[in-house]
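Student: Based on what follows, work out the 3D shape:
(one chain, ligands or ions: 2)
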Amino acid sequence: MGKNLAQKIISNHLVAGTMSVGEEIALKIDQTLTQDATGTMAYLQFEAMGIPKVKTELSVSYVDHNTLQSGFENADDHRFLRTIASKYGIYFSRPGNGICHQVHLERFGQPGKTLLGSDSHTPTGGGIAMLAIGAGGLDVAAAMAGMPFYLNMPAVVNIRLSGKRQPWVSAKDVILEVLRRLSVKGGVGKIMEYSGDGVADLSVPERATITNMGAELGATTSIFPSDEHTRLFMKSQGREKYWIPLEADADAEYDSVIDIDLSTLEPMAAKPHSPDAVDTIRNIGPIKVDQVAIGSCTNASYTDLMRVAAILKGKKVHSGTDLVISPGSRQVLEMLARNGALADMVSAGARILETTCGPCIGMGQAPSSGSVSVRTFNRNFKGRSGTADAEVYLTGPETAAATAIFGVLTDPRDLGGFIEIELPENFITDDEMIIAPSKEPETVEVLRGPNIKPLPVRKELPETLSGSILLKLGDNITTDDIMPAGAKILPLRSNIPAISKFVFSNIDPSFPERALQRGGGFIVGGHNYGQGSSREHAALAPMYLGIKAIIAKSFARIHRANLINFGILPLTFVDETDWEQIDSGDELVIKNAPLNLAGDKLVIENVTKNKMFQVKHGLSKRQIDIVLSGGLLNYIRTSVK
Ligand code: MIC
Ligand code: SF4
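Tutor: Ligands and ions are numbered 1, 2, ... in the order given. Now for the predicted structure:
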């Protein structure tokens, strides 16, 4: 039997396990990427592993998230990242060079390789047939140290594309259609593999929009074949020598199939406050829009912004609407500057921002109170924009540009004749803003600012786990709920004692103090605990506060892995009705925890209620050893060297 594309790359990188769905497998990782908001921790962790140089083929450290320098913290982090990269064999993409996923696609990605990134949108690389996966920073640090990446073998879903899109229908509409059909949980434990005649209708940047936003399905990753489009893209980046053709075998099998006829799609938007609340622009209607933001790792490629510039050319942004544009990379911005498209944007009244994440992660450009913001981004969770009562819609760049001109949500088909944009034959490929690692690493001093605090490390798992339930929560708690982001809190990503003061700050501001006073304890959650971003601070900061276990109905993939990595037990109820029987403040005891982990169930005594209940841990032997050691870092230090 033939293999599908995902199986081909997985089998080429398989270090342990077999490719049966759900089984734990280990993959060799060829390349890693980090961004600054998760990178400082990842490199502190790598440093603590005591390995002199990264063992990957390529590791790149990007600065793109924390670029508002309203205090010394972010600038200090940039300096730390630059020096530690130089010392340990890592390439450093300077602030201003662009958003990690965009730059990696342009300058480093290679079809057929594995990429592990400390950011949930790492699957962008699937646009050029990489197996690109998002993970917590510690998993990325372990990969840099040469260890394989462990995950459960995902099911592979074949999304068969047929036909051609109508004029003004964008790649964003394709992924919005997938989200509409499958929902934000529809991709959990799955790889979305695109195939069919319709693939030829999509350029590489368009494919990257689709694989990028596959993260919003909860998918492990998404991938397109490597074909003539891929070759031309690699060639235009001066990297044709890394191109290989790659596609599924003709007789490949898939776990399931979804058919999409591209010719039936029309311009769409995800409505507030979820990327799967999708409807057509026509159905939503011409609602008044106060702000339009174009950019992010989803929709800020050269072709995206060229089309935006062409729409804006000779027009003015509506008097009641603000337009902000953040190009995805310095390459994109320089191309636009040199060919005049940037002038068309500026002349139309667009506010041009840095080539960073910017408004997407709440680093500036928060909308006004109660207003409507149309964004070309990938997430519209409530409050993520920085304004709790803003209504954020996610659209393609054409809809966003048309909306900026008319001041109301506008279907780009109303603009008239379609504007064709060709990929240039050659991009400007100047990598001077990417600093190669030092040839004399022993001479490099790692510079740490006062906000960069040593990494807290947990002790071995004790015999008895006891404490009170500090917080009881319902379903779908996001990592933004656990460890909020935004311009105020993000600068503390390298300072766990300081950032831990904000754990659950939007839900229960007294949580951190209570946890510290009581010497830690337990958290109770509902289904899908920890959905959203890959930020490991949502595990690391609770660990610092002494959290011993999370008892929930179910967990999101990356967050569960992060909890294990930091020695926090992720436990699920055997009988979900027990959730109702326990309350905040109840005293719990788990006796003989290390010994009992050998079985698949643990007994928890609720001392307050004088009752017992059972929980499962679902940990593999390797994960049990990690938890027993007090986390992955201790495990690596003691067992791998
Ligand atoms: C995001 O889009 O939420 C982020 C910021 O890129 C996160 C990473 C982080 O929290 O640092 C992600 O998606 O992983
Ligand atoms: Fe940056 Fe937004 Fe992309 Fe996250 S989703 S990497 S914050 S642009």
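Student: Quick check, pLDDT for the residue of the stretch 501-641 of the chain found nearest ligand 2.
Tutor: When distances are taken as Cβ to the nearest ligand atom, the stretch 501-641 of the chain approaches ligand 2 most closely through Ser533, which lies 7.2 Å from it. No exception for glycine: its C-beta is placed from N, CA and C like everyone else's. Looking at Ser533, its pLDDT is 92.
Student: now Val640
Tutor: pLDDT, the model's per-residue confidence, is 57 for Val640.
Student: where does Phe613 fall, phi/psi-wise?
Tutor: When quoted as degrees, to the nearest 10, the phi and psi of Phe613 stand at phi -150, psi 160.
Student: Could you report the distance from the closest residue to it other than its chain neighbours to Val607?
Tutor: Across the structure, with Cβ to Cβ, 6 or more residues apart in numbering as the measure, the residue nearest Phe613 apart from its sequence neighbours is Asp578 (4.3 Å). Taking Cβ to Cβ, to the nearest Å as the measure, Asp578 and Val607 are separated by 15 Å.
Student: ditto for Val627
Tutor: According to Cβ to Cβ, Val627 and Val607 sit 23 Å apart.
Student: who has more neighbours, these two?
Tutor: The residue with more neighbours, out of Val627 and Val607, is Val627; 27 against 13, by other Cβ atoms under 10 Å.
Student: residue contacts, the more buried one?
Tutor: With contacts defined as Cβ atoms under 8 Å, 6 or more residues apart in numbering, the neighbours of Val627 are Leu461, Ile564, Gly567, Leu569, Leu597, Leu619.
Student: The same query, at a cut-off of 10 Å, please.
Tutor: 458, 460-461, 549, 563-570, 593-594, 597, 617, 619, 635 (Cβ atoms under 10 Å, 6 or more residues apart in numbering).
Student: Return the set of buried residues in the helix or strand harbouring it.
Tutor: Here Val627, judged by DSSP states H and E, is contained in helix 621-629. Across helix 621-629, burial judged by 16 or more other Cβ atoms under 10 Å covers Gln623, Ile624, Ile626, Val627, Leu628, Ser629.
Student: Quick check, pLDDT for the closest residue to ligand 2 within the stretch 201-350 of the chain.
Tutor: Residue nearest to ligand 2 within the stretch 201-350 of the chain (Cβ to the nearest ligand atom): Cys297, separated by 3.3 Å. Confidence at Cys297, expressed as pLDDT, is 98.
Student: Quick check: phi and psi at it.
Tutor: Backbone geometry at Cys297, expressed as degrees, to the nearest 10, gives phi -70, psi -10.
Student: Around ligand 1, pick out the residues from the stretch 51-200 of the chain.
Tutor: Where the stretch 51-200 of the chain comes near ligand 1, counting by Cβ under 6 Å from any ligand atom, the residues are His65, Asp119, Ser120, His121.
Student: Pull the most distant pair out of those residues.
Tutor: Greatest spatial distance in those: His65 and Ser120, 12.4 Å, computed using Cβ to Cβ.
Student: So between those two, which is more surrounded?
Tutor: For the pair His65 and Ser120, the greater number of neighbours falls to His65 (26 against 22), based on other Cβ under 10 Å.
Student: Strands of the stretch 1-150 of the chain, start to end?
Tutor: Counting by DSSP state E, counting those that start in this stretch, the segments of the stretch 1-150 of the chain that form strands are 14-16, 24-27, 31-34, 58-62, 91-93, 114-117, 131-134, 149-152.
Student: on contacts alone, who are the packing partners of the longest one?
Tutor: Taking 3 or more Cβ pairs under 10 Å, 6 or more residues apart in numbering; DSSP states H and E as the contact definition, the neighbouring helices and strands of strand 58-62 are strand 31-34, helix 36-48, helix 72-88, strand 91-93, helix 100-107, strand 114-117, helix 137-144, strand 434-435.
Student: Can you tell me, leaving aside adjacent residues, what's nearest to Leu461?
Tutor: Spatially, and ignoring its direct neighbours in sequence, Leu461 is nearest to Leu628 (5.0 Å; Cβ to Cβ, 6+ apart).
Student: can you check Thr464 too?
Tutor: Counting by Cβ to Cβ, 6+ apart, Lys591 is the residue found nearest to Thr464 once chain neighbours are left out, at 5.5 Å.
Student: in which helix or strand would I find the nearest residue to Gln623 once chain neighbours are set aside?
Tutor: If you skip the residues right next to it in sequence, Gln623 has Ile564 as its closest partner in space, 5.2 Å away by Cβ to Cβ, 6+ apart. Under the criterion DSSP H and E, the helix or strand holding Ile564 is helix 557-565.
Student: For ligand 2, tell me whether that helix is touching it.
Tutor: No. Helix 557-565 does not reach ligand 2 (Cβ under 6 Å from any ligand atom); its nearest approach is 13.4 Å.
Student: now the angle from that helix to helix 36-48?
Tutor: Between the axes of helix 557-565 and helix 36-48, defined by axes from the mean of the first three to the mean of the last three Cα atoms, to 10 degrees, the angle is 30 degrees.
Student: what's the burial count for Val444?
Tutor: Around Val444 there are 16 other residues, counting by other Cβ under 10 Å.
Student: So which residues on the protein come close to ligand 1?
Tutor: Near ligand 1, when you scan the chain using Cβ under 6 Å from any ligand atom, you find Ala37, Thr38, His65, Asp119, Ser120, His121, Ile361, Ala485, Ser533, Ser534, Arg535.
Student: Much appreciated, bye for now.
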